[in-house]
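# Have a look at this fold, sequence not included:
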């Protein structure tokens with residue numbers, strides 16, 4: 001039995017508004033580990049606001065479309081194989097970039113959840 005462990009928190013990005021169609025915004029991906037042990041990797045699920053799509057698709061992410069919300073939104077499940085010490089914040093490149101595809105959209109991503117994973121589950 002193991003007592004203690006990582007406790008991860010994924011920071012929310014800045015909320016941009018009324019961004020013209022075709023414009024791209026970019027935000028860092030920042031985590032805190034307020035637990036008692038480091039983690040060897042992190043898995044996180046991101047959801048974009050409606051009218052926005054991912055600008056760049058990375059190898060460490062699986063992409064899809066969320067169809068259960070009122071409007072279709074893009075989602076990404078990403079694995080980060082970098083170790084993370086206790087404390088924070090830790091920022092991992094690259095930044096999350098998204099592009100507006102509708103007039104007056106609010107390009108942002110929402111971190112739905114994140115969790116510590118073993119090295120075997122990280123990377124692709």
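Nice, I can see it. Predicted model only: the values in this text are computed from it and were never measured. Residues are numbered from 1 along each chain as shown.

# Which residue comes closest to residue 48 once chain neighbours are left out?
In this structure, residue 48 finds its nearest non-sequential neighbour in residue 74, 4.5 Å apart by Cβ to Cβ, 6 or more residues apart in numbering. C-beta: built from backbone N, CA, C; applies to glycine.

# name the element that neighbour belongs to?
Per DSSP states H and E: residue 74 is located in strand 73-80.

# Could you pull out the buried residues of that strand?
By 16 or more other Cβ atoms under 10 Å, the buried positions in strand 73-80 come out as 73-76, 78-80.

# Pairing partners for the strand ranked longest in the chain, with directions?
What stands out as the longest strand in the chain, according to DSSP state E, is strand 87-100. Here strand 87-100 is paired, per DSSP bridges, with strand 24-33 (antiparallel), strand 52-54 (antiparallel).

# Mind checking the ones you listed for the one nearest to residue 84?
Residue 84 lies closest to strand 24-33 among the strands paired with strand 87-100, at 5.1 Å (Cβ to Cβ).

# tilt between the closest one and strand 73-80?
Angle of strand 24-33 versus strand 73-80, following axes from the mean of the first three to the mean of the last three Cα atoms, to 10 degrees, is 50 degrees.

# average pLDDT across the helix or strand just after strand 24-33?
Next helix or strand after strand 24-33 toward the C-terminus (DSSP H and E): strand 42-48. Strand 42-48 carries an average pLDDT of 83.
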